[in-house]
Structures are given as structure tokens and as C-alpha cells.
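>>> here you go, sequence then predicted model.
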Amino acid sequence: METHTEEVSRKSKILQALEDQNTNVSFEDPLENDMVLNMGPQHPATHGVLRLLLRLDGETVIGCVPEVGYLHRGYEKLAENCSYHEFIPHTDRLDYLSPMNNNTAYVLAVEKLLGIEAPPRAQYIRVLISELARISSHLMFLGSLAMDVGALTVWMWSFREREKEYDIFENIAGARFTTSYTRIGGLAQDVTPETLAMVKKFIDEFPANLEECEKLLNKNRIFLGRTDGIGVISREKAIDLGLTGPGLRACDVQHDLRRANPYLVYKDLDFDIPVYEGGDALARYYVRMDEMRESTKIVRQVLAKMPAGDVHAFKPKKVLPRKARVYTKMEELIHDFMIVNLGVEPPVGEIYSAVEAPKGELGFYIYSNGEGRPWRLKIRSPSFVNLQSLPTMMMGGMVSDVVAIIGSLDPVMGEADK
Amino acid sequence: MNNLVVEKLKARFGESKIEASEFRGEFTLVVPKEIIVEVCRFLKEDDELKFDLLADLCGIDMNTPMKRFGVIYNLYSLKNKQRIRLKSFVEEEDPKLPTVTSVWGTANWHERETFDMFGIVFEGHPDLRRVYMPEEFEYFPLRKDFPLMGIPGSIPLPKK
Amino acid sequence: MPMGISCCAIEMMAFAGPRFDVSRFGSEVFRFSPRQSDVMIVAGTTTYKMAKVVRKIYDQMPDPKWVIAMGVCTSSGGMYRTYSVVQGIDQFLPVDLYVSGCPPRPDNLINALMKLQTMVQKGQSRGGSPNYGGNPGKDKPEPLPAVTG
């Protein structure tokens, strides 16, 4: 049991950072004192285990220091001890609101390192599941922002839509979320026509349901009052702080990795990039709502254009062979054994590959020294970098705005803490 | 485009200082640690190149006796939609490197993470504290000599 | 009270959502304050840094109290055998029920809640800290150390 003084001297480093922080908000308080408030890791509105130390003058925030690391599970060290295939289930748990997207991102990075490409049908299905995952993540954003601001009904409705998506994911991959569906060189298994019919039914009903939720929020005086002009960040500051994803597109910067450096089959698909100006919480909300509509457009095009064919690339030493051939043919048995036990062995080198995740730019930097296990795997998680802009957004605002700002930024701590 | 970057850098800083290599269409430049801040500032402020987004900053432990730790900068240009990578190595006995927070503000937390995981000290950093591990943790987890399961007793657990 | 830490928290939210409705079983409201709750559902990977916080919240709950360890990360460390993850919360908390799954389906969690309700009804689990219901006067808790400085 540490004594009170030991605890005070231990905490002093982080309190020092809070007190030393330059603040451009002046306060005229006849008593001339301020208060340190701890919005601790366990809090209903901090979207996971995020700790915020706020320095307050009455209700005004004059300083803020976020503390992360309460969910640090050691992914990068774990990756150095797992083969490339064994790491795929771990990527599910990074941004656990859109696991299919993380699987796709990681597998694209490893395929870039190996220099192989998945067949066209697999690429179309990967686009389909990435966009469904984007819809699922943005629905969660909608539900939690509305709940944080006070509209509980919208949370229930968005969860109803998410449950429909979970049924689709269960049909595709076998699990509701934490799917681990993609594999190096393709996918785990093909989608059945029944599943594609379910996707079509969901996409046909989705815009009407989204409109219902919007009707409750878009012209609501309370919602507009709590998000309009709150949490403003300027364009230059956003680029300087590395903000990516909807946060950047709400600051009048047209940057989307699906258009700028197209991967998979995005260059053959027709969609817009919603950009709003203002840089406040309301703009971020509008960007995400429009992105959901663009995703439904993309899914419709994918369903129409999907080619028939195989979902596994034919590269014997690098792609896991199918089980039917493993049990009957000798070469596939040997390849399966080597890949599972020793790992796919890429050449010596390093790559950085990024995709547009729902939260921002999700990048993987892999340095390989020729073995089946990566020598260094760095995950560039969007939430970790987006959280850095939180103090800038909060300066001068009130305590009740803190909740709305965190909700509009939509961090996921599983990704921020790796 | 990437050849343009290499040519401009070599013209400005000298042939011998920058080594360039390519793998899978990506360029990597090894830069000595003394000039890293000037190189970064040049790459950001040049009108043609304009690498204004620091996508990633990480550390790596090469586990060699000389130049054990490296710091890797992944840059992105919003205007030209190009990526480039810079690498800079430090020794084990003196793992110090100047900070690039004056060039890109986003490097703040990335450098804190590199310090937390490898022990590389960034000189001039405004607030160098640990970010993932608790403040009083004494070891650096991502070094190759730190075991995966950790060192028992390094972080205290509350009693049952 | 829901101690939602990571991915299992999303399944816990779905368990309170419209499809797997937990308010049918009497647990309509999730009280986020420990002073007003009976059951703590720990959902998500507990790291050493977070363990102190979880223990503090557990200590603030009034007796009788029960703990449900949801998911494999809380039962045994799960798929994370690393330097920063506690291999099972029963190293620092007395647990009444373990729910397995990564993450457990919400149906599984409803099953766990119903089992807990039966356990309490049959008297198999009295719940609470070791001093609860003990001999008053005999098992006195240790006095807190004096605050100096």
C-alpha cells in the first residue's frame, strides 16, 4: 500500500505536464485558482479506457492531457513471435468496430511484401466487406454520439441495423465480429449466393432507416446546439497534428486513400468523397453520414460487377492450399506444413502499406529479415494519432463539450493502445 | 518523382551523406542523425516536394553491435500523393536523436511511444514521458533482450 | 456495473440492445456508478495498468457484490500471453462466474446472468468481500496508514 505522499510524488510527472501546458485561454477569476479534474479510465462516455486530466476554471477547460495505455496488450512484441498467418486474428481486435477492414489492411500489407496479388473475385469481396465494416463503424459512431449528447433512441436504432450486419458477417465468416476472414493471397472461403441476397436486402432497406435517424437529429435544436461550433480545429493544425479520416475531411481537405493511392479495385468504382468545412463536431457528423451513403453506392456497384472465379491465388509456397487438396495430394501437404510451421518467407526488405479505415489512415510498417516471423511490425493506428488533437479541440470549451468532442472524434482504445 | 527527391537531397546535403535504396516501389533514404531535422524541414517546406504529413515514426532494434537502434520516418505528400521513408541510426550506448516536433506537431506522441518502447531519447522534446507503460516501469519492452512474458514483479498487482 | 474495457464491451452493449434485451431479466439499467450496483461485469482485456483501477472500483461497491468475468481475456489472459496483460482477473479479484468466448455471444452472457440469479437464489454464493457477514469485532480490517506531509 503506497502512502499518500508517495502517490502524490509519483503522479507529479503527469500533473507537471498539465500545469506546464501553454494555454491561450485567459481567465479572470477574482479567486485566481483552478481545479484539476480527472475523467478517469472508467467513465461511461469516454469510449473505452481513456483517461483525461482537465484543468478547469469553473466550467471552462484551460488545459487537457489525455493518458492512454490502459489497454496496451503488446501487439508489436507479439507479432515478432507469431508467423504472418498467426497474426491475422490479432488484427481483428485492433479496431474492434470494423474488424473486416483491419483484416484486409494487414493482408494487403503482407501481400505487398511478398509481391503477390489476390484474384479479382477476392478483391471485389474484400471491397464489399470493407465497406460493410465502414457502415458498421459509422453506425456505432452515430449511436454513441447521439447517446452522449442525450438522444438514446438513436442508439437503439443504430444497434438494430448493426445486428442485421452481424447476421451477414456470421454467414460470411462464421463469427459475429472478430471474423479473421481474409488470408494471405485471398480469403478463407467464398461467399454463397444466399449471403449476397442478404447483403442486397440490407442495402436496399438501409437508406430509409438512416433517414429515420437523421430526421431525429439534423434539425434538432439540442443536437445542433451541442455540436455546432464545438471542438473546432483549423486546417493547418489538422494536417500538422496528423489527423486523418473524417476529421481531416471535415476541415476542407480532400484526402481519401481510396482515391489518392487506390488499392484493391477502388479505381474501377464510382463514388464521391464528402468534404465539409468548419472543422467542428457537426461537420464531422455530416461527413460520416455522407460516407455511409457513399458506401451503400459502392456496395451496390460491387454486387453488380462481381466476377466469378477463385478466391485463392495460386502461389504454392506463399498461399495456404485448400484443405481438400492438402488431404489428398503430397505437394500441397508439404506446402501446408511448411507455411504453418515456418511461416511464409518473404524476401529481406521493408514496406509501409496504408488503407482508409473508417477512423483514418491505418498503416502497417513491416521489416522482414527473410524469416517466417516479422522482425518488426509497426501498426500506425488512426485513433492514437487522432487523440493527439484532443487538447487543441478542447481549449476554451466547457466540460459538457468534452463528451461531445470525444464522441465526434470517435476514438477506439483497442487501436490507440495496440 | 522519387528520383527527383533523391537528386534534390543529394544536391543540397552532399552525395556522401544520403544513401538511397528501393524495394517494391518504395524509396528508403538513410540519413545521419546530425542533419535529420534539416532534411525533414527541407522536405516539408520545398514547394515541389511538400511532404507535409508525417504518417508514422517508429523505432527498430536491429540487434547488431554497431548502430543498434534505428528511427524510421514515413512521410506522405498530400499534394503529390507520394510516400518516402527516412531512416536514422543511433548507437546503443548513446541513444539520442534530435526531435522533429518543430517540423511536424504529430511527432510528439510518436516520439514518446518510441521512447517508451526502445529507450531512445529525443533531445528538445517538450514532454518526454512514457505513453503505454506505467510511469515507474524501468524496462523498454520492444528491445530484443526483453522477454515476451515480461519480468515478473516489474509492475505491481493489487492484492486479492 | 459494466466495466467495459475492450471488444467484449461491444457484445455487452449488444446484450443491452434491442435484439438480446437484458431488461427482460430485470437488469434494465446499467448503473455506471459503483455505489449503486450489485454485479460487476468485467468485459475486456485487463492490463497491469488497468488492474489497479478495476480493483479500486470493486472496493467501492457495497456488499453484497458479485463479479462476472466475461470473455477469455479476463478468465485467463486469453490470446495475449504478453508482458502487460494480467493472465486472469482472479489474480486480484474474487470471481463468481466465468463466461468463455472471444467474445462470448450475448446469449451466452444472458445465460451467465441467469445462472448467477439461480446461484444467489439457492444460496450457493453469498457474494461480497471476505469480511462480509463475518464475525463482527473479530475480523477487523487493517487500519489505514497515517497520512503525513
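Arrived safely.

>>> contacts, neighbours, all on C-alpha from now
Will do.

>>> is the helix or strand bottoming out on mean pLDDT in chain C in proximity to chain A?
Within chain C, no helix or strand scores below strand C:2-4, which has a mean of 84 by mean pLDDT, DSSP states H and E. Yes - part of strand C:2-4 sits near chain A under the criterion Cα under 8 Å from any Cα of the partner chain, namely C:3, C:4.

>>> contacts for the helix or strand immediately after that strand in the chain?
Sequence-wise, the next helix or strand downstream of strand C:2-4 (DSSP states H and E) is helix C:7-15. Applying Cα atoms under 8 Å, 6 or more residues apart in numbering or on different chains, the external contacts of helix C:7-15 come out as A:93, A:96, A:159, A:414, C:3-4, C:20-22, C:43-44, C:70-71, C:102-107, C:109-110.

>>> of the residues you listed, which belong to strands?
C:3, C:4, C:43, C:70 (DSSP state E).

>>> which one of those residues is nearest residue B:113?
For these, the closest approach to residue B:113 (Cα to Cα) belongs to residue C:4, at 25.0 Å.

>>> okay, and the beta partners of the closest one?
residue C:43 (DSSP bridges).

>>> for the closest residue in space to residue A:81 that isn't next to it in sequence, what are phi and psi?
In space, and not counting its chain neighbours, residue A:81 is closest to residue A:373: 6.5 Å by Cα to Cα, 6 or more residues apart in numbering or on different chains. With angles defined as degrees, to the nearest 10, residue A:373 sits at phi -110, psi 140.

>>> burial count for residue A:373?
When neighbours are defined as other Cα atoms under 10 Å in any protein chain shown, residue A:373 has 24 of them.

>>> that one contacts residue A:87, correct?
No - when contacts are counted by Cα atoms under 8 Å, residue A:373 is not listed as touching residue A:87 (9.7 Å).

>>> overlap in contacts of those two?
residue A:79.

>>> contacts for the host helix or strand of residue A:402 next, please.
If you go by DSSP H and E, residue A:402 is part of helix A:399-409. When contacts are defined by Cα under 8 Å, 6+ apart, helix A:399-409 is touched by residues A:45-47, A:59-61, A:141, A:144-145, A:148-149, A:226-227, A:230-231, A:247, A:281-282, A:284-285, A:386-387, A:390, A:393-394.

>>> of those residues, buried ones?
Neighbour counting with 16 or more other Cα atoms under 10 Å in any protein chain shown marks A:45-47, A:60-61, A:141, A:144-145, A:148-149, A:226-227, A:230-231, A:247, A:281-282, A:284-285, A:386-387, A:390, A:393-394 as buried within the contacts of helix A:399-409.

>>> okay, the angle between the longest helix seen in chain C and helix C:7-15?
Looking across chain C with DSSP state H, the single longest helix is helix C:106-122. With axes from the mean of the first three to the mean of the last three Cα atoms, to 10 degrees as the basis, helix C:106-122 and helix C:7-15 are set at 80 degrees to each other.

>>> same question for helix C:106-122: list its buried residues.
Within helix C:106-122, the residues scored as buried using 16+ other Cα under 10 Å are C:106, C:108, C:109, C:110, C:112, C:113, C:116.

>>> I'd like the distance from the helix holding residue A:402 to the chain centre, please.
Averaging C-alpha positions (Cα atoms, centre = their mean, to the nearest Å) puts helix A:399-409 18 Å from its chain's average.

>>> quick one: the helices in the stretch 301-418 of chain A?
For the stretch 301-418 of chain A, the helices defined by DSSP state H, counting those that start in this stretch occupy A:323-328, A:330-342, A:382-386, A:390-394, A:399-409, A:413-416.

>>> mind putting these into JSON lines with mean pLDDT?
What follows is the helices of the stretch 301-418 of chain A, written out as JSON lines (pLDDT from 0 to 100):
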{"stretch": "helix A:323-328", "mean pLDDT": "81"}
{"stretch": "helix A:330-342", "mean pLDDT": "84"}
{"stretch": "helix A:382-386", "mean pLDDT": "91"}
{"stretch": "helix A:390-394", "mean pLDDT": "89"}
{"stretch": "helix A:399-409", "mean pLDDT": "88"}
{"stretch": "helix A:413-416", "mean pLDDT": "87"}
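
>>> could I get those in CSV, plus columns for distance to residue A:153?
Output for the helices of the stretch 301-418 of chain A, formatted as CSV (distance: least, Cα to Cα, whole Å):
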stretch, distance to residue A:153
helix A:323-328, 47
helix A:330-342, 48
helix A:382-386, 27
helix A:390-394, 27
helix A:399-409, 16
helix A:413-416, 25
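
>>> in the sheet, who's paired with the most centrally placed residue in chain B?
For chain B, the residue nearest the mean C-alpha position is residue B:71 (3.0 Å; Cα atoms, centre = their mean). Beta bridges link residue B:71 to residue B:59, residue B:88, judged by DSSP bridges.
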